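Q: Have a look; sequence and predicted model below, questions after that.
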Amino acid sequence: MCNSDPAQELCCVVFFSVPGETYVNGRYEERDPGNTKVAATILSEALGCPAMEIVPKDPYPRKYRGQVERAKKEWVESKRPALSFCPDISDYPDVYLCYPNWCGTIPMPVATFLDANIWEGKTIHPLCTNEGSGMGTSIEMIGRCASGALIGAGLPIRGTDAGSCQGLIEKWIG
């Protein structure tokens with residue numbers, strides 16, 4: 001766990017989350033905040049460390065189909081969308097990275113964040129929300145984008161369970 005004294009913090013939680021529709025068990029459900037933000041907030045509180053959001057310059061649609069279309073286009077084109085806020089992790093040796101599984105891997109705004117930071121001597125602890133696809137290939141993609149980082153064991157969490165994931169998170173962070 002991180003030290004609760006802000007001057008002594010050794011970790012941070014960085015997350016990307018999109019509020020709006022999500023597809024669950026054959027139907028669309030409205031989620032505000034997004035599932036990943038819910039899990040990241042629980043994680044940040046459990047660790048006693050700050051949470052910082054990756055914010056794209058061009059917000060994603062709130063409708064699920066629009067999110068999927070844009071995510072697929074960005075993935076196919078290997079596009080790194082511009083961010084209006086890109087967390088600076090230079091002071092943190094341990095970064096807990098929370099993101100949804102999009103196209104079987106990390107969303108491209110997460111790739112933008114990873115590309116923008118220096119990872120030598122840092123450990124990334126991935127937490128991936130999903131609706132049954134687990135971590136996908138996100139661990140491999142993080143490794144490619146965050147050269148020099150150690151990648152810790154990941155934690156997949158079903159998005160529908162994000163609000164009740166405290167026990168899983170506490171077990172994961174030990």
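A: Nice, I can see it.
Q: Quick check: chain neighbours aside, which residue is closest to residue 140?
A: residue 105 (7.8 Å; Cβ to Cβ, 6 or more residues apart in numbering). Any C-beta I mention is one placed from the backbone N, CA and C, and that applies to glycine too.
Q: And for the one you found, the neighbour number?
A: 22 (other Cβ atoms under 10 Å).
Q: That one bridge partners, please.
A: Taking DSSP bridges as the rule, residue 105 bridges to residue 102.
Q: tell me the contacts of it?
A: Residues in contact with residue 105 (Cβ atoms under 8 Å, 6 or more residues apart in numbering) are 75, 136-138, 140-141.
Q: Pull the most distant pair out of the residues you listed.
A: 75 and 140 (14.0 Å; Cβ to Cβ).
Q: These two: who's more crowded?
A: Per other Cβ under 10 Å, whichever of residue 75 and residue 140 has more neighbours is residue 75, with 17 against 13.
Q: mind checking the SS state of the more buried one?
A: Classification of residue 75 using DSSP: H, G, I helix; E, B strand; the rest coil returns helix.
Q: In this structure it contacts residue 109, no?
A: No: with contact defined as Cβ atoms under 8 Å, residue 75 does not count as touching residue 109 (11.6 Å).
Q: quick one on the thing from earlier: can you flag which of the contacts of residue 105 belong to strands?
A: Among those, DSSP state E puts none in strands.
Q: Quickly name whichever of these is closest to residue 115.
A: residue 141 (11.3 Å).
Q: can you list the residues that contact stretch 106-118?
A: In contact with stretch 106-118 (Cβ under 8 Å, 6+ apart) are residues 14, 16, 54, 56, 71, 74-75, 78-83, 86-90, 97, 99-100, 138, 141-142, 145-146, 148.
Q: Mind giving me the PyMOL command for buried ones among the residues you listed?
A: In PyMOL syntax, the buried subset of the contacts of stretch 106-118 is picked out as below (16 or more other Cβ atoms under 10 Å):
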select buried, resi 14+16+54+56+71+74+75+80+81+83+86+87+89+97+99+100+138+141+142+145+146
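Q: Mark which of the contacts of stretch 106-118 are part of strands, please.
A: 14, 56, 83, 97, 99-100.
Q: could those go into a markdown table alongside pLDDT and distance to residue 130?
A: Below are these laid out as a markdown table (pLDDT from 0 to 100; distance: Cβ to Cβ, whole Å):
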| residue | pLDDT | distance to residue 130 |
| --- | --- | --- |
| 14 | 98 | 18 |
| 56 | 98 | 20 |
| 83 | 98 | 23 |
| 97 | 98 | 14 |
| 99 | 98 | 10 |
| 100 | 97 | 7 |
